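Visitor: Okay, structure incoming, though there's no sequence with it:
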């Protein structure tokens, strides 16, 4: 089943909900400013709001969140907000039981756990193996900080009628897996799927958004001419193949 198209109402509703959650988190952080608890800062407002609005507005029904153990639950919260509005479900995948339990507790605290499923990856069943069990994913978010990011992206079974794949933290200052273009992990470069890719200066290290399927059979991933990255902004310059 394909995503039902764009819904500005659902997008706005999800945006406002995540905005409210971020404000509540800021107030909580202020109240607990003297606390050493690492759970006091988990929200990433711009990234959360954008992802929640995009997923809800696209009316995604099967959503996927894959991140390393050290990642905050922010993306899981954003996707759960969207899933609660579309009547869908978000699959949260982590390779550490404490991290997965932290995501579960955080969603429960915000009344969002009912829209989520929790999957623990193990040495015998890696993140990619877990992801491969999910069929026709409408909206996937994969953190480029994952050690096996490429394998996870390649394992995502996107809905052929339309899907969106988001890669977070695509630019990072210190990494041994950095490619010559400066990007750590790109869906188009890893998978080579047809679609339209855009890199946005959102979050700490930028995000890549790729739309695949949805009837755009003639559209391919835009060939990247040059990628320019600064500490605060990331820009993608594409060559559309037209004669100069």
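Guide: Nice, I can see it. What you see is a predicted model, and the numbers here were worked out from it, not measured in a lab.
Visitor: Now do the same contact list for the most centrally placed residue in the chain.
Guide: Note on the chain: the residue nearest the mean C-alpha position is residue 141, at 2.5 Å, using C-alpha atoms, centre = their mean. By C-beta atoms under 8 Å, 6 or more residues apart in numbering, the contact set of residue 141 is 51, 63-67, 75, 79, 166-168. The C-beta positions use only the backbone N, C-alpha and C, and glycine is treated the same way.
Visitor: ok, and the most crowded of these?
Guide: residue 79 (33 neighbours; other C-beta atoms under 10 Å).
Visitor: I'd like the distance from the one helix or strand that one maps to to the chain centre, please.
Guide: Using DSSP states H and E, the element containing residue 79 is helix 74-86. Its chain's C-alpha centre and that of helix 74-86 lie 11 Å apart, by C-alpha atoms, centre = their mean, to the nearest Å.
Visitor: Counting by contacts, list what that helix packs against.
Guide: For helix 74-86, the packing partners by 3 or more C-beta pairs under 8 Å, 6 or more residues apart in numbering; DSSP states H and E come out as helix 8-31, helix 45-57, strand 62-66, strand 89-94, helix 97-109, strand 116-120, strand 139-143.
Visitor: go with 6 Å
Guide: Contact here means 3 or more C-beta pairs under 6 Å, 6 or more residues apart in numbering; DSSP states H and E; on that basis helix 74-86 packs against helix 8-31, helix 45-57, strand 62-66, strand 89-94.
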